[in-house]
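Enquirer: missing the sequence, but the structure's below:
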């Protein structure tokens with residue numbers, strides 16, 4: 001085990017956080033209005049008394065951003081966790097399918113599945129993760145039957161006051177970052193470098209966001225609004241739910 005150099009972590013964050021912001025913008029650029037409308041519930045808009053194209057568009061785009069940002073940033077944090085663990089325990093991205101991190105500590109081989117927060121999955125997804133852990137243990141013990149393998153579900157934020165889940169451990173927030181780094185306060189020390197040039201990068205994102213709102217609002221108005229300006233609900237429902245898709 002090596003002592004973690006906080007300067008190295010700060011440098012990594014500052015050099016790589018731009019990737020997160022770039023992917024946020026790329027996610028917006030890849031949006032297609034018709035495809036999104038086909039996935040949304042038109043009855044909900046009507047029930048909520050939505051009256052303008054912009055209200056619908058902002059709802060669509062904001063929901064997309066909220067969902068995608070969590071995934072994109074979760075992937076970015078996974079990379080940060082592996083980087084930190086490599087510096088301290090010589091950990092590595094596991095070669096075993098569905099295992100994110102693998103490292104040795106105190107004569108134990110840890111296999112880690114990294115998630116963004118503690119409430120990441122339903123019962124079926126958790127069962128799948130547990131099955132992946134069991135498969136990974138069998139693979140690792142093929143070459144060394146005496147290998148002590150411990151599975152961990154690591155969550156980058158939040159808390160779980162009952163970490164022992166029987167077949168695996170669940171470490172969240174402070175406990176997770178301390179587990180992979182040996183540093184008790186790493187979870188708070190990560191905050192400052194994450195804000196490096198955040199305003200400038202968010203300004204770029206907001207420019208793309210505003211352009212997307214304007215573009216989609218115009219497209220929606222042209223396709224799903226009557227000459228009076230009222231939303232053509234009949235056409236909107238048909239494009240979403242008709243057995244035979246209407247001609248454009």
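Expert: Alright, I've got the coordinates. In this text, all values refer to a predicted model and were calculated from it rather than measured experimentally. Residues are numbered from 1 along each chain as shown.

Enquirer: and the residue nearest the centre of the chain, helix, strand or coil?
Expert: The chain has residue 71 as the residue nearest its centroid, 1.5 Å off, counting by CA atoms, centre = their mean. State at residue 71, reduced to three classes by DSSP: H, G, I helix; E, B strand; the rest coil: helix.

Enquirer: need the contact list for it.
Expert: Residues counted as contacts of residue 71 (CB atoms under 8 Å, 6 or more residues apart in numbering) are residue 116. Heads up, the C-betas are built off the backbone N, CA and C, glycines and all.

Enquirer: Now do residue 237 against residue 62, distance only.
Expert: According to CB to CB, to the nearest Å, residue 237 stands 22 Å off from residue 62.

Enquirer: swap that for residue 178, please
Expert: Residue 178 sits 35 Å away from residue 62, going by CB to CB.

Enquirer: And these two? Which one has more around it.
Expert: Shown here are residue 178 and residue 62; by other CB atoms under 10 Å, residue 178 has more neighbours (15 against 12).

Enquirer: buried sites along the helix or strand encompassing that one?
Expert: Counting by DSSP states H and E, the element that carries residue 178 is helix 174-181. Judged by neighbour count (16 or more other CB atoms under 10 Å), helix 174-181 contains these buried residues: 174, 175, 176, 177, 179, 180, 181.

Enquirer: Would you tell me what the next helix or strand after the helix or strand bottoming out on mean pLDDT in the chain is?
Expert: Sorting the helices and strands of the chain by mean pLDDT, DSSP states H and E puts helix 191-194 at the bottom, at a mean of 83. Heading C-terminal from helix 191-194, the first helix or strand you meet, by DSSP H and E, is helix 198-224.

Enquirer: for that next one, packing partners?
Expert: For helix 198-224, the elements it packs on are helix 6-29, helix 33-39, helix 53-89, helix 233-241, judged by 3 or more CB pairs under 8 Å, 6 or more residues apart in numbering; DSSP states H and E.

Enquirer: change it to 7 Å
Expert: Using 3 or more CB pairs under 7 Å, 6 or more residues apart in numbering; DSSP states H and E as the contact test, the elements touching helix 198-224 are helix 6-29, helix 33-39, helix 53-89.

Enquirer: what's the angle between that helix and helix 6-29?
Expert: Following axes from the mean of the first three to the mean of the last three CA atoms, to 10 degrees, one obtains 10 degrees for the angle between helix 198-224 and helix 6-29.

Enquirer: can you give me how far helix 198-224 is from the chain middle?
Expert: Relative to its parent chain, helix 198-224 has a centroid offset of 22 Å by CA atoms, centre = their mean, to the nearest Å.

Enquirer: again with stretch 127-146
Expert: With CA atoms, centre = their mean, you get 26 Å for stretch 127-146.
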